[in-house]
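[1] how would this look folded up:
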Amino acid sequence: MESDTLKVLFVGNDAPFAQVIADKMQEIGGTVEVSGFETAVALLKTNSFKALLFEPEQINTAALFKITSLAVRMPAMPIIVFGPGGNDAFAVEAVCAGAQDFLAKETVDAGFLNRTIRCAIERQFERMALVKEKENYYGIFDHLVEGIFRTTPEGQFLLANMALARIYGYASPPDLMARVTDIASKLYVDAGRREEFVRVMQANDTITDFESRIYRKDGEIIWISENCRAMCDANGKLLYYEGTVEDITERKHSEEEIRRTTAELSRSREEMRLKNELREENLRTAREIQTAMLPQQFPVFPRHVAPEHSAFRFTHRYQPAEAVSGDFFSVAQLSDSEVGILICDVTGHGVRAALVTAMIRALSEELKPLAREPGFFLRKLNFDLGNILKSTGSPMLTTAFYMVANCQTGVMRFANAGHPKPLLLRRSENRIEPLGNACGHGQPALGLFEEPPYETSETILAPGDFVMLFTDGLYEVQGLHEELYSQQRMMLDLQNLMQKSGEQLFDELMATIRAFSIDHEFEDDVCIVGMEFSRSPDQKKS
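    Predicted structure coming up:
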């Protein structure tokens, strides 16, 4: 690739800087053609450029929209953005908008420009290959029933899926984004409705079940319900809105029909009551079955010793938000010295989530021969679960964490599939250590990719250490002033409880979080599993 002649397109209106770029390109044996933004796409389609160099007129949201527009129209073309140095926030947002890199205008030299362009070309090539490999994932995204969007605060689309385009009557997401450039005037039927949307978002940062009348492309008026949140940078500056849209036209028509047929429905009240009783009975049965699926007793190490003398001692707390839960855990004795612990969290709660947990339990039982290698275990679990969910056409996000601990060596190996990091309480050091991946970054949840790179990480347990696994329902609790109980706050509270027994620690931590909660309850399913390492059997003998 180093020997290839670089031919690039410079898009911008700064003629002196364009000449600087042309001179630098000439130094490295490359060529450059200069264009305005309006004609850039046509030139890219008719000429074989290696990369696009873009210098926006101003550093603002409109510039980001132009970057995204170029990236959407020419997805295989690497884009390098030039701007003033020192604006790290815009540099990050430019890359997020679709650019491969950002260069400060003041420090451009030929060698660095050459390396940057070639690296951008290589990265873009790799990215396009990765996009191709992830077609199954994008298929899930585009075949969701709900529309998904991301818009600028001014009302321009930055992202849309196929479901959203269908709801609004457009042929594709690019068609929707190109034609609807002002949401307030192009979509909403009622004047001021977009302004009301923005007002609520400014007050709360989120919006739920925001119902409005909308014009489809063909002029038909439909009803939609929006759920949205505001996304801000580290300084609290609003970047964009993102959320979901559901077509509720049929529901609205049904509501009108319900109002006209109240008398008829009242006569069927008793029938509905009986059906509800049956449903509740079914849910109670389902809860009993799900509870029976959880460990009824924990293994001891070595075998046949009393639980209080076991090298590993276990405790847990399990609290569904509804009759049945989307959380699940298992504790399995793999050998005389090894134990495997699996915890998972299926998005949402209720019957659908509970059914997925039942599938995970069945799959994990079948995978017991692989259970001693955490990374391989999660990869196989992901493959089997993905095939099942794909065939149902009903994908559900599932996070999981799996660990294997050896009481003789103290070695604990683990792998994480998008799950909250468990905490390792180093009691002898009075220190709490989140169990992060050795690779330094997170891994995807189960069922999203066919071959995710779940890696096995390792740490050493010391006598007295306590490992705490949990689902996000434990800490995603809203306080009186709309603040959230964060993982950082939980670690501070755990610092004061570190020396307590597992039972006391869990009870007092849950009591603390309930007291923080605005309604003194958990909003989501809660599952906590603890493992205390006393010492190895060999250490006990000595």
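[2] Could I get the pLDDT score of Asp384?
    Asp384 carries a pLDDT value of 88.
[3] what's the answer for the one 4 residues further on, then?
    The per-residue pLDDT reported for Ile388 equals 82.
[4] What sits closest to it if chain neighbours are left out?
    Met359 (6.0 Å; Cβ to Cβ, 6 or more residues apart in numbering). (C-beta placed from N, C-alpha, C; glycine too.)
[5] Could you do Gly418 as well?
    Ala445 (3.4 Å).
[6] what pLDDT does that neighbour get?
    92.
[7] Assess the claim that it and Met396 are in contact.
    No: taking contacts as Cβ atoms under 8 Å, Ala445 lies outside contact range of Met396: 9.7 Å.
[8] Mind jotting down where the strands sit in the stretch 401-542 of the chain?
    411-417, 423-426, 431-434, 457-460, 466-470, 526-533 (DSSP state E, counting those that start in this stretch).
[9] okay if I get the ones you listed as JSON lines plus mean pLDDT and mean neighbour count?
    Listed next are the strands of the stretch 401-542 of the chain as JSON lines, based on pLDDT from 0 to 100; neighbours: other Cβ atoms under 10 Å:
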{"stretch": "strand 411-417", "mean pLDDT": "96", "mean neighbour count": "22"}
{"stretch": "strand 423-426", "mean pLDDT": "97", "mean neighbour count": "20"}
{"stretch": "strand 431-434", "mean pLDDT": "95", "mean neighbour count": "14"}
{"stretch": "strand 457-460", "mean pLDDT": "96", "mean neighbour count": "14"}
{"stretch": "strand 466-470", "mean pLDDT": "97", "mean neighbour count": "25"}
{"stretch": "strand 526-533", "mean pLDDT": "95", "mean neighbour count": "24"}
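[10] Now render the ones you listed as JSON lines, adding distance to Asn382.
    Formatted as JSON lines, the strands of the stretch 401-542 of the chain follow (distance: least, Cβ to Cβ, whole Å):
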{"stretch": "strand 411-417", "distance to Asn382": "7"}
{"stretch": "strand 423-426", "distance to Asn382": "24"}
{"stretch": "strand 431-434", "distance to Asn382": "23"}
{"stretch": "strand 457-460", "distance to Asn382": "17"}
{"stretch": "strand 466-470", "distance to Asn382": "19"}
{"stretch": "strand 526-533", "distance to Asn382": "20"}
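[11] Out of the ones you listed, which is closest to Met128?
    Smallest distance to Met128 across the strands of the stretch 401-542 of the chain (Cβ to Cβ): 25.9 Å, for strand 411-417.
[12] who's in contact with the closest one?
    373-375, 377-378, 382, 398-406, 422, 435, 437, 442-446, 452, 454-461, 467 (Cβ atoms under 8 Å, 6 or more residues apart in numbering).
[13] Longest strand in the chain, please.
    Assignment by DSSP state E gives strand 221-232 as the longest strand of the chain.
[14] Which other helices and strands does it contact?
    helix 193-204, strand 206-215, strand 238-247, helix 249-260 (3 or more Cβ pairs under 8 Å, 6 or more residues apart in numbering; DSSP states H and E).
[15] Show me the shaky parts of the stretch 401-542 of the chain.
    536-542 (pLDDT under 70).
[16] Over to the chain?
    Ranges of the chain meeting pLDDT under 70: 1-3, 134-143, 265, 274, 276-292, 348-349, 392-395, 536-542.
[17] still on that earlier bit, what's the local residue count around the residue nearest to Gly418?
    When neighbours are counted by other Cβ atoms under 10 Å, Ala445 registers 22.
[18] what sits against it?
    397-400, 417-419.
[19] Between those, which sits nearest Asn161?
    Leu397 (15.7 Å).
[20] if I read this right, the closest one contacts Thr347, doesn't it?
    Yes: assessed by Cβ under 8 Å, Leu397 is found in contact with Thr347 at 4.1 Å.
[21] Just the terminal-to-terminal distance for stretch 436-451.
    One end of stretch 436-451 to the other measures 21 Å (Cα to Cα, to the nearest Å).
[22] show me where the stretch 1-150 of the chain has strands.
    Using DSSP E, counting those that start in this stretch, strands in the stretch 1-150 of the chain cover 7-11, 31-35, 51-54, 79-83, 101-104, 147-151.
[23] Throw these into a markdown table and include mean neighbour count and distance to Met510, thanks.
    Formatted as a markdown table, those follow (neighbours: other Cβ atoms under 10 Å; distance: least, Cβ to Cβ, whole Å):
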| stretch | mean neighbour count | distance to Met510 |
| --- | --- | --- |
| strand 7-11 | 22 | 57 |
| strand 31-35 | 16 | 62 |
| strand 51-54 | 24 | 53 |
| strand 79-83 | 24 | 49 |
| strand 101-104 | 18 | 46 |
| strand 147-151 | 20 | 34 |
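[24] Which stretch among those strands approaches Leu342 most closely?
    strand 147-151 (30.5 Å).
[25] Look at the residue nearest to Ile388 and give its secondary structure.
    In three-state terms, and counting by DSSP: H, G, I helix; E, B strand; the rest coil, Met359 is helix.
[26] can I get the strands of the stretch 1-150 of the chain in a markdown table with distance to Glu523?
    Formatted as a markdown table, the strands of the stretch 1-150 of the chain follow (distance: least, Cβ to Cβ, whole Å):
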| stretch | distance to Glu523 |
| --- | --- |
| strand 7-11 | 48 |
| strand 31-35 | 53 |
| strand 51-54 | 44 |
| strand 79-83 | 41 |
| strand 101-104 | 40 |
| strand 147-151 | 23 |
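[27] Spit out the contact partners of Phe312.
    299-301, 339, 405, 407, 531-534.
[28] Gln124 and Ser48: what is the separation?
    15 Å (Cβ to Cβ, to the nearest Å).
[29] the more surrounded of the two?
    Neighbour count, other Cβ under 10 Å: between Gln124 and Ser48, Gln124 has more, with 18 against 6.
[30] gap between the closest residue to Ala417 other than its chain neighbours and Arg123?
    Nearest non-adjacent residue to Ala417, counting by Cβ to Cβ, 6+ apart: Ala400, 4.5 Å away. In this view, Ala400 and Arg123 are 30 Å apart by Cβ to Cβ.
[31] before we move on, what about Leu461?
    Leu461 is 40 Å from Arg123, by Cβ to Cβ.
[32] With Asn13 instead?
    For Asn13, the distance to Arg123 - Cβ to Cβ - is 27 Å.
[33] What of Leu294?
    For Leu294, the distance to Arg123 - Cβ to Cβ - is 46 Å.
[34] Which of these two has more residues huddled nearby?
    Between Leu294 and Arg123, counted using other Cβ under 10 Å, the more crowded position is Leu294 (17 against 13).
[35] In contact with that one, which residues?
    Neighbour list for Leu294: 316, 318, 328-330 [criterion: Cβ under 8 Å, 6+ apart].
[36] ok so, going back, among the contacts of strand 411-417, name the buried ones.
    Neighbour-count burial (16 or more other Cβ atoms under 10 Å) is assigned, among these, to 374-375, 377-378, 382, 398-406, 422, 435, 437, 443-446, 452, 454-457, 459, 461, 467.
[37] related to what we said a few turns ago, just the contacts of Leu294: which are in strands?
    Short answer: those in strands (DSSP E) are 316, 318, 328-330.
[38] Looking at the contacts of Phe312, spot the one nearest Thr152.
    Of the contacts of Phe312, the one sitting nearest to Thr152 (Cβ to Cβ) turns out to be Met531, at 47.7 Å.
[39] check contacts around that closest one.
    With Cβ under 8 Å, 6+ apart, Met531 has these contacts: 312-314, 339, 341, 405, 466-467.
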